[in-house]
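Student: I need the structure of the sequence given here:
(2 chains)
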There are 2 protein chains.
Amino acid sequence: MSTLRIPEVVPSPTEDSQTLMKSFKGLGTNEKSVISVLGHRDASQRKKIRETYQQLYNKSLIDDICSELSGDFRKAVMLWTYEPSERDARLANEALKSRKKTITQLQVIVEIACASSPDHLVAVRQAYCGLFNRSLEEDITANVPMPVQKLLIGLVRSYRYDKELVDPDTANAEAAILREAIRTKQLDNDNFLIILNTRNVHQLRATFECYKQNYGFSIDQDIKSCGKGLLESILKVVIWCIDSPEKHFAEVVRASVVGLGTDEDSLTRAIVTRAEVDMMKVRGEYFIANKTSLDNAVIDDTSGDYRKFLMTLLGAKV
Amino acid sequence: MSTLRIPEVVPSPTEDSQTLMKSFKGLGTNEKSVISVLGHRDASQRKKIRETYQQLYNKSLIDDICSELSGDFRKAVMLWTYEPSERDARLANEALKSRKKTITQLQVIVEIACASSPDHLVAVRQAYCGLFNRSLEEDITANVPMPVQKLLIGLVRSYRYDKELVDPDTANAEAAILREAIRTKQLDNDNFLIILNTRNVHQLRATFECYKQNYGFSIDQDIKSCGKGLLESILKVVIWCIDSPEKHFAEVVRASVVGLGTDEDSLTRAIVTRAEVDMMKVRGEYFIANKTSLDNAVIDDTSGDYRKFLMTLLGAKV
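Tutor: Sure thing, here's the model as predicted:
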C-alpha cells in the first residue's frame, strides 16, 4: 500500500548521516543526494538517521535541513524527516495558528483524529504538549469557534477500539440516531457526536452503510443538504476520513492542484503523510475520481527538487 | 509520599518467584510469605516478578494468586499485582458492569481520569480495549445515563498538559464561566465541561482558588447547592480529585469504614491504588478530617490476612 521504494541493501544510519552531511557541506547543497537518501527510507530508518546524525555531529538533522534547503522542497523534506507524531502535532498547531481557519486548514486535525491509528493520535497529543506547552484540545478551544470546536475536541480525544468488530444491530440503531440528528439539523447534538467519536471505524463504516440502505442517500450527501457552513464541511471530511481515507486524500490532492496555482501545503501534506500508509490506494481513488493519474497532477503542478522529492515518495525513479 | 516499605536488599525476581511458588505449593497457602514478597515490592519490581514467574513456571502469577487465595485478601493481592493500567481498566469495567451505579461505583472512573497522570489514563484506555474488545467510552455510553455519561466521557478522554503552568487571567475568566454554569444550574453545559476536562490540574487549582476568592464559597460547596443528584455528587469528586486527590482518597477510606459493616472494595481500592502514589498525604488528610488515624480505621474494620496485607502496604511491620 506504500509507494515508498526502499533499496534492497540499505546503507547504515552512519553512512546515510555521512552522505547527508556531505551534501550540506560547502557552498550550495546537493539536493539530489538528500532526496536519494531520505526519499528512500521508511519512518523507523529515518528515526535512526536522525539519532545517528545527532550523535555524530552534535547537530539536529532537522535544523540542518531547515538551513540548507528552501521553499516547498524544504518544507516537504522537513515534514518527512520529523517523527510522524511530531510532524502531525506541528501540522495541527500550524492549522490552529493560521489566520484563516477554513476547511483547508482545519481538515488537518480531522485527518489526524480520524485517518490515523488510535495510538498515533495519542502520540500526537503527547508530542503537542511537549512542543507547545499546552494540550491540543486547549488550542482548539482557544482558536476554533463553536460548534466546530466541540466536534474537533471530541474527535481528537477519541481512542477507538482498533480491531474489526461490527455489531449489525448497533449499526442499524445508530444509523437512525445519526439520521434523526441530520433530519432536525442538530449536527452538534451530543448523541450524534458521541457515535462519531467513540465507535471503532469498522463499526462506523457498517453504520454508514446501513444509513444509505435505510434512508436512500449516503450520510455525507445528507449532511451536505443541512447547509454549506464550516460544520457541514468538516463533518463531510470526518465521514470520508473514517469511511475511506484514501478517497479523502485523493480529494485533497485534487483540490490542491485544481485551477490556477497550487496549494503546496496541502499537496505536500497528503503525499508526505500517506506515502507510507495507503498512497497506492490514494492513487487508485484519484484515478477513479479524475480519470487522470495523480502522478501527472503532481508533475504538472510542481517543479524542481520539490517535484523530484514528491515523485520519489510516489515511487517514481527520478 | 509512598507508604510502601522496600527492603534495602531486594531478592532477584527469580528468588521472589520461587518464594511465591513455594508458598502456593501443597495443601494450604503460606499467606504470610505472599505478603512478605508482594507487599514489599514496587510496581516495576512486581512487573518483573510477573514476567519471571511466567517464564519459570509457564503459568500466570495472577491466575495462581486467584486460585490460591480467597476473599477480600485475594482481591487486594490481585489488584496489587496487576500492571496498574490493567488494574484500573478492570476496576472501571467492574464499576460499569455493576448493577447499582451510584457514586460509590462511578467515582472509580473519575479517580482514574482526574487523579492519575495523563499517560496513565491513556494506558488504561489502551488496556481497556485490549481486555474488553471495546473502548472505555463505549462502555460508559452503554451503561451510564446522560448527563453523567457526558461528564465521564469528557473526563476519560482528557490528555492534560502535565507541567505546572498557570495563567492567572485564564483562572479568573474561567472561574466566571464555571460560576455562571453553576448559578444557572447548567452543569452539563459544554463550556463548563470543556474547562474541567481540558485544563491542566495546576491551572484548574488556580481557577478553583479564584472561584473561592471571587464568589465567597468553594466551587464544590456551590455545586452541592445545585442539587443532590448523581451529577452533583460526581462533580464534587471531580473537583476533589483535581484539587486534592489525597483529600478525596481519605474520604473514600472514611466512607468505607463508617457505620456498621465495611465497604471492602472501596477500602482496598483506595489503599492499593494510592500506596505508591500519595498514601502518606492521604493518611495526613485522614487525620485532619477525622481526628483519628487511618491505620486504626483499617485495623478496626478488617481482619486476618486482608488486614495484614493492607497494613503492609501502609508501611506497618506485620
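Student: I would like the residues contacting stretch A:154-165, please.
Tutor: Identification of contacts with stretch A:154-165 by Cβ atoms under 8 Å, 6 or more residues apart in numbering or on different chains yields A:109-110, A:112-114, A:117-119, A:121-122, A:125, A:136-137, A:140, A:193-194, A:196-203, A:238, B:122, B:125-126, B:129, B:133-138, B:154, B:157-159. Any C-beta I mention is one placed from the backbone N, CA and C, and that applies to glycine too.
Student: how about a cut-off of 6 Å?
Tutor: Stretch A:154-165 has contacts (Cβ atoms under 6 Å, 6 or more residues apart in numbering or on different chains) with A:A113, A:P118, A:L136, A:L193, A:N197, A:N200, A:H202, B:R125, B:C129, B:R134, B:S135, B:R157.
Student: State the mean pLDDT of it.
Tutor: Across stretch A:154-165, pLDDT averages out at 94.
Student: So which bits of that stretch are buried?
Tutor: By neighbour count on 16 or more other Cβ atoms under 10 Å in any protein chain shown, the buried set for stretch A:154-165 is A:G154, A:L155, A:V156, A:R157, A:S158, A:Y159, A:R160, A:Y161, A:D162.
Student: With only the CA atoms kept, save stretch A:293-304 in CSV.
Tutor: Taking Å, rounded to 0.1, in the frame of the first residue of the first chain, the C-alpha atoms of stretch A:293-304 are listed here in CSV:
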residue,chain,number,x,y,z
SER,A,293,-3.3,10.0,-12.8
LEU,A,294,-2.2,11.6,-9.5
ASP,A,295,1.4,11.4,-10.7
ASN,A,296,0.6,13.5,-13.7
ALA,A,297,-1.2,16.1,-11.5
VAL,A,298,1.9,16.3,-9.3
ILE,A,299,4.2,16.6,-12.4
ASP,A,300,2.0,19.3,-13.9
ASP,A,301,1.8,21.5,-10.8
THR,A,302,5.2,21.3,-9.3
SER,A,303,8.8,21.7,-10.4
GLY,A,304,12.5,21.3,-9.5
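Student: List the buried residues for that stretch?
Tutor: Buried-residue list, stretch A:293-304, by 16+ other Cβ under 10 Å: A:L294, A:D295, A:A297, A:V298, A:D301, A:T302.
Student: mind giving me a markdown table with those and columns for pLDDT, secondary structure and distance to A:D42?
Tutor: A markdown table is the format used below for those (pLDDT from 0 to 100; DSSP: H, G, I helix; E, B strand; the rest coil; distance: Cβ to Cβ, whole Å):
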| residue | pLDDT | secondary structure | distance to A:D42 |
| --- | --- | --- | --- |
| A:L294 | 97 | helix | 21 |
| A:D295 | 96 | helix | 21 |
| A:A297 | 96 | helix | 25 |
| A:V298 | 96 | helix | 21 |
| A:D301 | 95 | helix | 26 |
| A:T302 | 96 | coil | 23 |
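Student: Go through those residues and say which is closest to A:V272.
Tutor: A:V298 (12.3 Å; Cβ to Cβ).
Student: Enumerate every residue touching the closest one.
Tutor: A:L310.
Student: Pick out the residue in chain A sitting closest to chain B.
Tutor: A:R157 (3.5 Å; Cβ to the nearest Cβ).
Student: how distant is stretch A:265-278 from the center of its chain?
Tutor: 6 Å (Cα atoms, centre = their mean, to the nearest Å).
Student: scratch that, stretch A:35-50 is what I was asking about
Tutor: 19 Å.
Student: Same check on stretch A:47-57?
Tutor: 26 Å.
Student: Only the buried residues of it, if you could.
Tutor: Applying 16+ other Cβ under 10 Å to stretch A:47-57 flags A:K47, A:I49, A:R50, A:T52, A:Y53 as buried.
Student: again, but for stretch A:11-27
Tutor: In terms of neighbour count (16+ other Cβ under 10 Å), stretch A:11-27 has its buried residues at A:P11, A:P13, A:D16, A:S17, A:Q18, A:T19, A:L20, A:S23, A:F24.
Student: Please identify the helix or strand for A:C226.
Tutor: For A:C226, there is no helix or strand it lies in under DSSP states H and E.
Student: my guess is it contacts A:E232, does it?
Tutor: Yes - using Cβ atoms under 6 Å, A:C226 makes contact with A:E232 at a distance of 5.5 Å.
Student: Need the overlap of contacts for these two.
Tutor: Counting by Cβ under 6 Å, 6+ apart, nothing touches both A:C226 and A:E232.
Student: Quick one: name the residues of chain A near chain B.
Tutor: Listed as neighbours of chain B in chain A under the rule Cβ under 6 Å from any Cβ of the partner chain: A:122, A:125, A:129, A:134-135, A:137-138, A:141, A:150, A:157, A:159, A:161, A:190, A:194, A:198.
Student: A:T262 and A:Y286: what is the separation?
Tutor: A:T262 sits 15 Å away from A:Y286, going by Cβ to Cβ, to the nearest Å.
Student: And those two? Which one has more around it.
Tutor: A:Y286 (26 against 17; other Cβ atoms under 10 Å in any protein chain shown).
Student: quick one: which of the contacts of stretch A:154-165 has the most company?
Tutor: Ranking the contacts of stretch A:154-165 using other Cβ under 10 Å puts A:L136 first, with 30 neighbours.
Student: In space, what's closest to that one - neighbours in sequence excluded?
Tutor: Take A:L136 and drop its neighbours on the chain: the residue closest to it by Cβ to Cβ, 6 or more residues apart in numbering or on different chains is A:Y128, 4.3 Å away.
Student: The one you found: helix or strand, and which one exactly?
Tutor: helix A:118-132.
Student: counting contacts, what elements does the helix or strand just after that helix pack onto?
Tutor: Following helix A:118-132 in sequence order, the next helix or strand is helix A:136-143 (DSSP H and E). Packed against helix A:136-143 by the contact rule (3 or more Cβ pairs under 6 Å, 6 or more residues apart in numbering or on different chains; DSSP states H and E) you find helix A:148-156, helix B:190-198.
Student: Report the angle between the first one and helix A:190-198.
Tutor: Going back to what we said before, that points to helix A:148-156. Orientation of helix A:148-156 against helix A:190-198 (axes from the mean of the first three to the mean of the last three Cα atoms, to 10 degrees) gives an angle of 40 degrees.
Student: How about the last one?
Tutor: The directions of helix B:190-198 and helix A:190-198 differ by 30 degrees, with the same axes, to 10 degrees as the criterion.
Student: Is there contact, residue-wise, from helix B:190-198 to chain A?
Tutor: Yes - shown here: helix B:190-198 in contact with chain A (Cβ under 6 Å from any Cβ) through B:D190, B:I194, B:T198.
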